[in-house]
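# Coordinates only, no sequence provided:
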């Protein structure tokens, strides 16, 4: 019976609090992120656990203060917010130190006239209207203050009249900082020094994470896993968590403290760099990090090398240059130590676009992304195959409309498409309408892709960086048909594959595929040449050699034994 | 070793303001006179300027009261100038204020009384700061002992104005660092607050005292929240969890 009564009272309290609109759910889960893991709704958590633990239902209701200031409430055991809603507000009791209920109603008679709960009014309207919540202005502008002030006004006639101070903006200072809280959680989590800080946007499957892990593995190989720290500065997504090398620390700012603005994150990251002074900060696609570099580079140097990876100039739907390279390269390169890219075309385009001086051009280093997959023998029978491989994230940038057109022109072929879809409904419909496009969905590793019975690999893109999927196709023993973008002309030529000169012409791709399959001997010759090139210039060893030769990356020579271990681990993983 | 026969040393640390230093000088003179007459204490008044142009030199030569001693400083760094004045101070307590500020006449006496009653390392600030000029703002100095005030709030902005009074040892143990770079936004004072808080010093207001601060395009005595154009230099405050910070 008691349990039943208690449950009914609990439900009544929940309804009362909900109806009062004095429970700020966003405030509650932002300030107490562990609530999400409790299995309770925020309001239930507050009633069952939070209130007695000193957790506040909104920024201006302090349960501990309310109990201490009102012993009758503390003795009764009633929830302080419930008491305030039912009785306390009408009795002039204060919800916290800095909100004086009687003062608020006296100072703002329009609120008193409506009869609404004064705290509800303040949270809903008053705060935005800069309404004062206590008599602090009156306390600091007393009669005694007036005498003192008038004397100062004799000395400095430009001081405003004392009466005007009644209307001057009142600033009592923020009493907490979510950014500060995030920062202190972050610094508390660092128990040992690290040399290389990798700042990433997020940790999801894709080229950016793959590339980042190559650099992480190299530092780990040479300096040890403890030398590396990864910070996810923009988004907390860690769906590629399985790619994190053993022993490497990774933290997400959003996990440390929910509810931060981008500006907060810039401050947290910048302070973290200033205080920890890593040898290197390597920015991999983090806008927060670019902002920090742009604004505060003077504070980071010379102790820390500022490094960023940029792969290409991207273009928006209007055909104008966009993306990090456009937004930050020109404005930041003077203060950067190194810009890592994976294709000569990007370096040439940057030079031409911004008339970079030699010393800045020298900061752009081309380091080819290594391919760690096992080299496989080409399938000599596949020239007669009618299956074409296509692998990448299905996205506007990967030209789904061109894929559909090519498929339409080659009805006797099947296009095996691997990769998760990020298409708009219209783009998806075009793909779905093509009967000879077979969608296989996302894949975890290039090892999951077929190579036997595949006639050719078709690479389509609007702009390109390191063309990792194309290089993996070559390693898998499949001939490639691709447009001359990004690193592709550095790999694909008439000796190593089929380069389509007009990247927009579907007929050119169709012709190249037919040409590729028309001469089985030539097809095998070009695959082998391409594989030789990848072994020579796109191997782990060539990557390690190139990076360690860059003084700004602050690495010694690679350890060949550790290198083999990492290769084995990467291949098996 | 400085003598401790002086109760309090007032340090007026001025930027290069020429004759516009006059209000600050006059308000300090009022406060010194009142504290001496009300409390009968011994006060030393030091004035230091950095950088100092001919206009500032001329003003200080002609108008600085004779009871204020000039601290000779050739550099341009106001933080270093303050440190030099602190090194030359003979008082058991130091009262620091600036050439853009006016202090109420009771500032020194009220602050001194609180200092005398406080055995702990506490720095006292005027309770209300009236910002005038381009902006009109009434800033109320918080009390670090307010249970609602989280130390993490100092991450986002400086909570206390540069005008302060405390034990001389606090100022000797915590040097001012030139943190203003090209533009002054009170970062040096903010950094000083961080350093003192990190070593356990408490910042509190002095009830019923005022200071007024002229806001200029390149300087504010009360940093307003918003986008920060620069970062503080390293501080011990940021290298560990501040006492009481909610970091769990």
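Structure received. Values in this document were obtained by computation on a predicted structure and should not be read as measured data.
# got a list of what the residue in the stretch 151-300 of chain A that chain B sits nearest to touches?
Proximity of the stretch 151-300 of chain A to chain B (C-beta to the nearest C-beta) peaks at residue A:180, 2.8 Å away. All C-beta spots, glycine's among them, are computed from the backbone N, C-alpha and C. The contact partners of residue A:180, taken as C-beta atoms under 8 Å, 6 or more residues apart in numbering or on different chains, are B:150-156, B:245.
# Now tabulate the residues you listed in a markdown table and tack on neighbour count.
Formatted as a markdown table, the contacts of residue A:180 follow (neighbours: other C-beta atoms under 10 Å in any protein chain shown):
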| residue | neighbour count |
| --- | --- |
| B:150 | 20 |
| B:151 | 24 |
| B:152 | 26 |
| B:153 | 21 |
| B:154 | 27 |
| B:155 | 26 |
| B:156 | 22 |
| B:245 | 22 |
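# Which members of these additionally contact chain A?
B:150-156, B:245 (C-beta under 8 Å from any C-beta of the partner chain).
# Farthest pair within these?
Largest separation among the ones next to chain A among the contacts of residue A:180 by C-beta to C-beta: B:156 and B:245, giving 12.8 Å.
# Name the nearest of the ones next to chain A among the contacts of residue A:180 relative to residue A:466.
residue B:155 (38.4 Å).
# Can you check the pLDDT for that closest one?
We have a pLDDT of 92 for residue B:155.
# Need phi/psi at it.
Main-chain dihedrals, residue B:155, degrees, to the nearest 10: phi -60, psi -40.
# And for it, nearest residue in space, chain neighbours not counted?
Spatial nearest neighbour of residue B:155, excluding adjacent residues (C-beta to C-beta, 6 or more residues apart in numbering or on different chains): residue A:180 at 2.8 Å.
# cool, residue A:501 as well?
Per C-beta to C-beta, 6+ apart, closest to residue A:501 is residue A:484, 6.3 Å.
# part of a helix, is the one you found?
No: using DSSP: H, G, I helix; E, B strand; the rest coil, the assignment for residue A:484 is coil, not a helix.
# contacting residues around it?
A:492, A:499-501, A:503.
# are any of these buried, and which?
Buried subset of the contacts of residue A:484 (neighbour count, 16 or more other C-beta atoms under 10 Å in any protein chain shown): A:492, A:499-500, A:503.
# for residue A:369, what are its contacts?
Contacts of residue A:369 by C-beta under 8 Å, 6+ apart are A:207, A:210-211, A:214, A:342, A:466, A:468, A:471, A:538, A:543.
# Would the longest strand along chain B count as contacting chain A?
If each strand of chain B is counted by residues according to DSSP state E, the longest one is strand B:202-215. Yes: with C-beta under 8 Å from any C-beta as the measure, strand B:202-215 is seen reaching chain A through B:208-210, B:212, B:214.
# Quick check: which of the residues you listed has the minimum pLDDT.
Within those, lowest confidence goes to residue B:214 (86).
# Pull the contacting residues for that one.
A:156, A:158, B:100-101, B:132-133 are the contacts of residue B:214 under C-beta under 8 Å, 6+ apart.
# Then residue A:95?
A:60-62, A:65-66, A:84, A:88-89, A:101, A:119.
# mind checking pLDDT for it?
On the pLDDT scale, residue A:95 gets 96.
# Do a quick rundown of the strands in the stretch 351-500 of chain A.
A:364-366, A:387-391, A:414-418, A:437-439, A:456-458, A:480-482, A:498-499 (DSSP state E, counting those that start in this stretch).
# my bad, chain B
Under DSSP E, chain B gives strands at B:6-14, B:43-49, B:68-70, B:91-98, B:101-103, B:122-133, B:137-140, B:164-167, B:202-215.
# for the record, mean pLDDT for the first one?
Per-residue pLDDT values over strand B:6-14 give a mean of 97.
# Do any residues in it lie close to chain A?
No: applying C-beta under 8 Å from any C-beta, one finds strand B:6-14 separated from chain A by no less than 14.1 Å.
# centre of the chain versus that strand, how much separation?
Relative to the centre of its chain, strand B:6-14 is centred 10 Å away, using C-alpha atoms, centre = their mean, to the nearest Å.
# partners of that strand, with directions?
Using DSSP bridges, the strands paired with strand B:6-14 in its sheet are strand B:43-49 (parallel), strand B:91-98 (parallel).
# Reformat those strands into a markdown table and put mean neighbour count next to each item.
Shown next, in a markdown table, are the strands paired with strand B:6-14 (neighbours: other C-beta under 10 Å):
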| stretch | mean neighbour count |
| --- | --- |
| strand B:43-49 | 23 |
| strand B:91-98 | 26 |
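# Stretch A:39-51: end-to-end distance?
Terminal residues of stretch A:39-51 lie 17 Å apart, using C-alpha to C-alpha, to the nearest Å.
# what do you get for stretch B:171-188?
Start-to-end, stretch B:171-188 (C-alpha to C-alpha) is 14 Å.
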